[in-house]
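[1] Model the structure of this input:
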Amino acid sequence: ELLKGGEPVSSPESFPILHLASYFGILPVVQKIILKGRWKKTFHIADERVNQTDSCGQTPLIWAAKNGHWPVVKLLLREPNILADFRDASGKTPLYFAAHGGYYTIAGVLLQRPDVVADSKTESDSTPLMMAALGGHEAVVKILIARKDVDINSRDNRGSSALYWACWLGHESVVRLLLE
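    Numbering: from 1, shown residues only. Here you go, the predicted model:
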């Protein structure tokens, strides 16, 4: 989050404009930064700007995926050097955040990429499937469990599974999917 207790988490110097535009889904700004070489010089952005982390340890793709900004995600994924499976300090990936937010289109496109691990685990052993189940995001759960590389019985460091989270939070349709 940009604000905690009303105070900014990061200063403008540590929250580059590409991150800010990705966070808020301001596509024209993201386009200009990525597509126009003159902007690169203006904002002192390095060649690896699409994979640069901010003071929160997030990349522009993580911010866009986390906040459901599909047009920005789509543009960023076109960059040839994008790290689509970048893991932040706690091991969370763009897919993790898309699944947690229930952003079906973003999760689906990320899952089509060979460089994205569908069943990646965070430092607490949480998976994208657990996050989708926790949020009751049936469509995202469906695309994840349809894959052979996703373990629906995986457990986090508390011993909880996707089924546990869906049951605990009363997401009946997700429970049914996980039991099929």
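[2] Kindly provide the distance from Pro71 to Cys167.
    35 Å (CB to CB, to the nearest Å). For every residue, glycine as well, the C-beta is placed using N, CA and C.
[3] who has more neighbours, these two?
    More crowded of Pro71 and Cys167, by other CB atoms under 10 Å: Cys167, with 17 against 13.
[4] Would you map the helices across the chain?
    Assigned by DSSP state H, the chain shows helices spanning 17-24, 27-35, 37-42, 60-66, 70-77, 94-101, 104-111, 128-135, 138-145, 162-168, 172-179.
[5] Select, out of these, the one closest to Asp151.
    For the helices of the chain, proximity to Asp151 was assessed by CB to CB; helix 128-135 is nearest, at 8.1 Å.
[6] Which strands or helices does that closest one pack on?
    Identification of packing neighbours for helix 128-135 by 3 or more CB pairs under 8 Å, 6 or more residues apart in numbering; DSSP states H and E yields helix 94-101, helix 138-145, helix 162-168, helix 172-179.
[7] list the buried ones in stretch 70-85?
    70, 72-73, 75-77, 82-85 (16 or more other CB atoms under 10 Å).
[8] contacts for it?
    With CB atoms under 8 Å, 6 or more residues apart in numbering as the test, stretch 70-85 has contacts from 21-22, 25-27, 30-31, 34, 48, 50-51, 59-61, 64-65, 93-95, 103, 105-106, 109-110, 113, 115-117, 120.
[9] what about burial for these, which qualify?
    21-22, 25-27, 30, 34, 50-51, 59-61, 64-65, 93-95, 103, 106, 109-110, 116-117, 120.
[10] out of everything not next to it in sequence, what's closest to the residue nearest to the spatial centre of the chain?
    Nearest to the mean C-alpha position of the chain, counting by CA atoms, centre = their mean, stands Pro94 at 2.3 Å. Leaving aside its sequence neighbours, Pro94 sits nearest to Ala65 (CB to CB, 6 or more residues apart in numbering; 3.9 Å).
[11] which regions of the protein lie under the pLDDT threshold?
    Within the chain, the segments meeting pLDDT under 70 span 1-13, 36-48.
[12] do that again at 80, thanks
    1-14, 35-49 (pLDDT under 80).
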